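Participant: Provided below for reference: sequence and predicted model.
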Amino acid sequence: MIFRAISQVQLHHNPIYAVAQDGAVIYTASSDGTVKKFNLEVFALEPFTVRTPFTCISLHVLDTGYLCLGLLNGDFHVINPQTNQELFTYSFGEKGVFSIESSRDLGLLFVGLSNGKIAVLEVQTFQFLFLDLVANDKIRGLCWSREHQCLLVSSKDGSISRFNPRTYDVDFAWQGHEMGANAVVITKDGRCISGGKDGFIRIWSMDECTLEHAFPAHRGVIYSMAQIGDYLVSASRDKSIKIWSIDDFSPLQKLTVHRQSVNAIMQQNEHSFVSVSDDGSLILWSNA
């Protein structure tokens, strides 16, 4: 056994769609209209709840500790979780803010929208620097590459793009998954890995954006991926989490504790991660 479930807790009565981390603290967002704060060190809820009029479908913690929320109706909020003060709010007027990412290097905040647009804001002032189309459909995943100083963008139209935040241009775009590209991650050795609605995982060269390897990974949509130490972890609508070798992507383990779709995973450290599901639960996994 590589990873094992350390603890499982029922955080919400409805599906959990998003998760974000700030040290030992995990934030979860559910279709029950709440965002909760869970402390992994004591494995207990903290006295913190944000109620949203529409379902929160994306979360992100900035280096400042501020919490970003993307709602299904297109509203975007930034709050200080220590004081519950709302620092910034904006309505994009679209059907949803599905992905949020930031670059500590450049001090930029990226917001992916349902119409294929990306908003770029300054983290300190929340001033808009860019808002325009990057893809032809919903932006499902954003991943900042510090090594390449670019933003990887995965879209429901199946494309994967390299967005340059200095020029606000797409340096390169390619078709990653015919049925839609959902998750995208950068490995520590600089490879791009994408997961799609087709259940495939594909590995791409970041320099030439060429396909190096592809394989069927899940029987359902792949919603989330992360590199945990020497392993690639993938989560799917088929209710499973799978562990792969980061070297040759051979299958190593299948985790089937969640009763419904596994919607997101979040690395805690080099040895552990958390997963959240439609079953409303959070599970802490570890190989230590």
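Facilitator: In hand now; what should we look at?
Participant: what about Glu147, how many residues close to it?
Facilitator: Each residue near Glu147 was counted by other C-beta atoms under 10 Å, and the total is 10. Every residue, glycine included, has its C-beta placed from N, CA and C.
Participant: Next: Asn263.
Facilitator: Here the neighbour count serves as a burial measure; for Asn263 (other C-beta under 10 Å) it reads 23.
Participant: Wait, it touches Ile222, no?
Facilitator: No: Asn263 lies out of contact with Ile222 (C-beta atoms under 8 Å); the separation is 10.9 Å.
Participant: Name the residues contacting each of those two.
Facilitator: Residues touching both Asn263 and Ile222 (C-beta atoms under 8 Å, 6 or more residues apart in numbering): Ala235.
Participant: partners of the strand or helix carrying Ile283, with directions?
Facilitator: Secondary-structure element containing Ile283, defined by DSSP states H and E: strand 281-286. When pairing is defined by DSSP bridges, strand 281-286 lines up against strand 4-10 (antiparallel), strand 272-277 (antiparallel).
Participant: Give me every residue in contact with that strand, excluding its own residues.
Facilitator: By C-beta under 8 Å, 6+ apart, strand 281-286 touches 3-11, 16, 19, 26, 28, 38, 40, 43, 241, 255, 257-258, 268, 271-277.
Participant: Quick one, which of these are buried?
Facilitator: 3, 8, 11, 16, 19, 26, 28, 38, 40, 241, 255, 257-258, 268, 272-277 (16 or more other C-beta atoms under 10 Å).
Participant: What residues are bridge-paired with the residue lying closest to Ile139 once chain neighbours are set aside?
Facilitator: Spatial nearest neighbour of Ile139, chain neighbours left out: Gly112 (3.0 Å); criterion: C-beta to C-beta, 6 or more residues apart in numbering. When bridges are called by DSSP bridges, Gly112 pairs up with Ser99, Ile118.
Participant: How about the contacts made by Gly112?
Facilitator: Applying C-beta under 8 Å, 6+ apart to Gly112 gives the contacts Ser58, Val97, Phe98, Ser99, Ile100, Glu101, Ile118, Ile139, Arg140, Gly141, Leu142, Val153.
Participant: neighbours around Trp174, how many?
Facilitator: Trp174 sits with 14 neighbouring residues when counted by other C-beta under 10 Å.
Participant: Quick check: it touching Arg162?
Facilitator: No: at 9.1 Å, Trp174 and Arg162 do not qualify as touching, with contact defined as C-beta under 8 Å.
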